[in-house]
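Q: Return atomic coordinates for the entry below.
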Amino acid sequence: MCCSIYVCRVTERETKIATGKRSHSDFYFVLSCMPMECRFTRKHYCFWVLIHVAFVGVLESCLEEERLGLLSIKDHFKLYSGDANEFLPSWTDDPVADCCSWERVKCNNATMVTQLSLDHLLHQGRGLNMSLFTPFKELLNLDLTLNGFNDCYQNYGT
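A: Numbers count the residues shown, from 1 in each chain. Modelled structure (predicted):
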């Protein structure tokens, strides 16, 4: 039996290539026990770690419910925005899009939205449907300053 512990360093560039986003930590520990001779080098283990990081990166994106919730918020604000074509361009309706990387959105380590900065988006007073924020179970900070809302309402049908 051959057991080894390797410390593999995966660079930010390699992580970004594999996952499309930056990694919080670029060191990975690999414990390997094989019932055969040790033929794999450290590079082989680091390669497998990189593959693992790529698959974990695909799984670690924002929740679908929150992504759809953000798109609903975009649609609501877009109705009253003066420049609808340039409104929140990073918020795309792409099923594989990671909404944690969108502008004005911050997420926690569990990829749940914790902060929305929706300030300065509207130039005229309108009502705000507060039901738009129900998908965000971990939302801690919501900035709606300088939007000129003249009313808030809750749409119980959504």
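
Q: where do the strands sit along the chain?
A: For the chain, the strands defined by DSSP state E cover 2-9, 27-34, 105-107, 113-117, 127-129, 141-143, 151-153.

Q: Comparing those by mean pLDDT, which bottoms out?
A: Of all those, the minimum mean pLDDT falls on strand 27-34 (a mean of 46).

Q: Now do the domain split for the protein, please.
A: Here the domain parsing of the chain from automatic domain parsing is 2-59, 64-153.

Q: and those domains, which one is worst for confidence?
A: Looking at those, the weakest mean confidence is domain 2-59, a mean of 50.

Q: What count of nearby residues applies to the closest residue to L132 other than its chain neighbours?
A: Leaving aside its sequence neighbours, L132 sits nearest to I73 (C-beta to C-beta, 6 or more residues apart in numbering; 5.0 Å). (C-beta placed from N, C-alpha, C; glycine too.) Per other C-beta atoms under 10 Å, the neighbour tally for I73 reads 22.

Q: residues contacting I73?
A: Each residue near I73 by C-beta atoms under 8 Å, 6 or more residues apart in numbering is listed here: 116, 118, 132-133.

Q: Would you convert the residues you listed into TSV that also reports distance to Q154 and neighbour count?
A: Compiled in TSV, the contacts of I73 are given as follows (distance: C-beta to C-beta, whole Å; neighbours: other C-beta atoms under 10 Å):
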residue	distance to Q154	neighbour count
L116	17	21
L118	17	19
L132	10	19
F133	10	18
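
Q: Go through the residues you listed and say which is closest to S61.
A: Of all the contacts of I73, L116 has the smallest distance to S61: 17.2 Å, by C-beta to C-beta.
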